[in-house]
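*Asks:* Next input, structure requested:
(chains A and B)
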Amino acid sequence: MAAMESTTGSETRLYVGIWIGLLAIVGVEVALTYAGLRAGVLLMALLTLAVVEAGIGVMFFMHLKYERRTLFWSLIPGLIFVLLLMNHLWRDAARMVSLRP
Amino acid sequence: MTQSEMALTMGHGATDEESHEQSPFGIQSSKLVMWLFIIADSATFGAILFGYGYLRAGSPNWSRPFAFVPTILNGMVMTAILLTSSLTMLFAVAAAQAGRREAGVRWLGFTALLGTAFAVLHLREWFNMFAEGWSTATNPLGGSALFGSTFFSITGLHLLHVTAGVVALTVIAIGFRRGRFDAAHVETTGLYWHFVDIVWMFVFPLVYLMNARGGIS
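*Replies:* Alright, predicted model coming up:
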């Protein structure tokens, strides 16, 4: 555990705590999958948990929290905007189903 | 003539002073480039996942083939392995930054090993599916063949990233051991590795759990 000694004790505790938290979220996701939820509800729950996991990963594991704020504001809002734009396709997916005989 | 005008006349784009302008982000250019790559790659994965959602929502006969044992359980183990590899990567970066070269190399090695284990489990799952008759064009359950197309495309693209990451970790570990690479290289590689981990945080629920047999009422 030589490398662990090179992080401060509080950093190591933080990282291990986050790692346990992320594993716990995966457990919650699996439990929700078999909870008998409707597809839409399950999808929203799983997506929300995935976004929380990604947020924690980006901010703490990738250290974006400790970088200058200009880096965050230059990268993340643009990506979110692009991903939101992709939501335009859902109505067409519904149209595809209704076109079936 | 000013210094910059002289530089332009001499064919240089910028003076020495200008070319050493401080980054507005306060990070090395290699790290910034990695961040830009990650953002672009996130859009790629976002697009392919949205495409999967589109095809799934538009297919009335979508299959949900994954039983808890072996597929979902295998996916949970793979997820745990990848999350653990992110932790070992953090230790590698911390060791490298503290100047503990041997420890840094060791943690990089652990990370690469965990990445390899993830890839092996993934390939084993793929070959089991091939044996059951799944492919990018066939569905042994009789439902939409688009399931195989999207499943193998998404997980294949991710597996390609994991494989590239293992190669990069190995190259960086060897170079770091020999003194050719420094802690900044380890940190930049770490950014990529964490990104691969984060992408899986979306692939596992959307592609595996949403296709679990008996999972949706």
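*Asks:* can you confirm residue B:116 is in a helix?
*Replies:* Yes. Counting by DSSP: H, G, I helix; E, B strand; the rest coil, one finds residue B:116 located in a helix.
*Asks:* Could you count how many residues lie near it?
*Replies:* Counted with other C-beta atoms under 10 Å in any protein chain shown, residues neighbouring residue B:116 total 17. (C-beta placed from N, C-alpha, C; glycine too.)
*Asks:* residues in contact with the helix ranked longest in chain A?
*Replies:* With secondary structure taken from DSSP state H, chain A has its longest helix at helix A:9-33. Taking contacts as C-beta atoms under 8 Å, 6 or more residues apart in numbering or on different chains, the residues outside helix A:9-33 that touch it are A:4, A:7, A:42, A:45-46, A:49-50, A:52-53, A:56-57, A:60-61, B:72, B:76, B:79-80, B:83-84, B:86-87, B:90-91, B:94, B:201, B:204-205, B:209-210, B:212, B:215.
*Asks:* can you check stretch B:77-95 too?
*Replies:* Residues external to stretch B:77-95 that are found in contact with it (C-beta under 8 Å, 6+ apart): A:2-4, A:6-7, A:11, A:15-16, A:19, A:22-23, A:26, A:57, A:61, B:101, B:103-104, B:106-108, B:110-111, B:114-115, B:117-118, B:121-122, B:183, B:186-187, B:190, B:193-194, B:196-197, B:200-201, B:204.
*Asks:* Any regions of chain A where pLDDT drops low?
*Replies:* Screening chain A residue by residue with the criterion pLDDT under 70, one finds the ranges A:1-7, A:100-101.
*Asks:* Which residue comes closest to residue B:24 once chain neighbours are left out?
*Replies:* In this structure, residue B:24 finds its nearest non-sequential neighbour in residue A:70, 5.6 Å apart by C-beta to C-beta, 6 or more residues apart in numbering or on different chains.
*Asks:* make that residue B:108, sorry
*Replies:* Across the structure, with C-beta to C-beta, 6+ apart as the measure, the residue nearest residue B:108 apart from its sequence neighbours is residue B:173 (3.9 Å).
*Asks:* you'd agree the one you found is up against residue B:109?
*Replies:* Yes. Residue B:173 is within contact range of residue B:109, at 5.9 Å (criterion: C-beta atoms under 8 Å).
*Asks:* Which one's more surrounded, these two?
*Replies:* Relative neighbour count places residue B:173 above the other of residue B:173 and residue B:109, with 22 against 17, counting by other C-beta under 10 Å.
*Asks:* Could you check how far the more buried one is from chain A?
*Replies:* Here residue B:173 is placed at a distance of 13 Å from chain A (C-beta to the nearest C-beta, to the nearest Å).
*Asks:* Okay, that residue and residue B:161: tell me how far apart.
*Replies:* Applying C-beta to C-beta, to the nearest Å, one obtains 18 Å for the distance of residue B:173 from residue B:161.
*Asks:* returning to what we had before: could you report the neighbour count for the residue nearest to residue B:24?
*Replies:* Considering only other C-beta under 10 Å, residue A:70 is surrounded by 12 other residues.
*Asks:* And for residue B:143?
*Replies:* Under the neighbour criterion other C-beta under 10 Å, residue B:143 is assigned a count of 16.
*Asks:* Please name the residues that touch it.
*Replies:* When contacts are counted by C-beta under 8 Å, 6+ apart, residue B:143 is found next to B:59, B:61, B:62, B:63.
*Asks:* and which of those residues is nearest residue B:51?
*Replies:* Within the set of the contacts of residue B:143, residue B:59 lies nearest residue B:51; the separation is 12.4 Å, counting by C-beta to C-beta.
*Asks:* looking at chain B, which helix or strand is least sure?
*Replies:* When the helices and strands of chain B are compared on mean pLDDT, DSSP states H and E, helix B:3-9 comes out lowest with a mean of 48.
*Asks:* Pick out the residue nearest the middle of chain B.
*Replies:* Of all residues in chain B, the one closest to the mean position by C-alpha atoms, centre = their mean is residue B:196, 2.1 Å from it.
*Asks:* Tell me if I'm right that it and residue B:161 touch.
*Replies:* Yes. Residue B:196 is within contact range of residue B:161, at 4.9 Å (criterion: C-beta under 8 Å).
*Asks:* Is stretch B:202-217 positioned near chain A?
*Replies:* Yes. When contact is scored as C-beta under 8 Å from any C-beta of the partner chain, part of stretch B:202-217 falls within range of chain A: B:202, B:204, B:205, B:206, B:209, B:210, B:212, B:214, B:215, B:216, B:217.
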